[in-house]
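Asker: Build me a structure from this.
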Amino acid sequence: MSGIRIDCRESSPVGLDGGNREVRVILDVESHPEAAVSLGRYQFKPLVTGPRHRHEVETEVYYCLEGSGTVVVGETVHHMTPGVTVCIPPKNDHQTTSGEAGFVFLAFFSPPIKF
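Answerer: A predicted model of the protein is given here:
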């Protein structure tokens, strides 16, 4: 394989929760089965909380691009601002809430998922 180049602007955002959250799929097993990770760009409107959930197999890593938010992993609260990363091991309940300016972050999954 000679590498994968992806122009994220070419993927359409998928609305979640009536448009309060959206994900732009950058890389997943459907689009690139040979990739060892999946990657999505999430954008939360201000003061939105996503559902509490867990991944049984995948490690998930958030990297904050813009705005701020909190990621609760188990009982631990992680404050997210641009440049901050949090790693969520498999089988850990977690929930994400955006701050007053919204929250934009990359989410990496390994092993890869289909969004």
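
Asker: quick one: the helix or strand bottoming out on mean pLDDT in the chain to chain centroid distance?
Answerer: Lowest by mean pLDDT, DSSP states H and E among the helices and strands of the chain is strand 14-16, with a mean of 77. Centre-to-centre, strand 14-16 and its host chain are 13 Å apart (Cα atoms, centre = their mean, to the nearest Å).

Asker: Ser38 is in contact with Val23, correct?
Answerer: No. Contact criterion Cβ atoms under 8 Å: Val23 and Ser38 do not qualify, at 10.8 Å. Quick note: C-beta positions are derived from backbone N, CA and C, even for glycine.

Asker: For those two, work out which one has more neighbours and name it.
Answerer: Ser38 (24 against 16; other Cβ atoms under 10 Å).

Asker: From Gln95, how far out is that one?
Answerer: Using Cβ to Cβ, to the nearest Å, Ser38 is found at 20 Å from Gln95.

Asker: quick revisit: now for the next helix or strand after the least confident helix or strand of the chain, which elements pack on it?
Answerer: Next helix or strand after strand 14-16 toward the C-terminus (DSSP states H and E): strand 21-27. Packed against strand 21-27 by the contact rule (3 or more Cβ pairs under 8 Å, 6 or more residues apart in numbering; DSSP states H and E) you find strand 14-16, strand 38-44.
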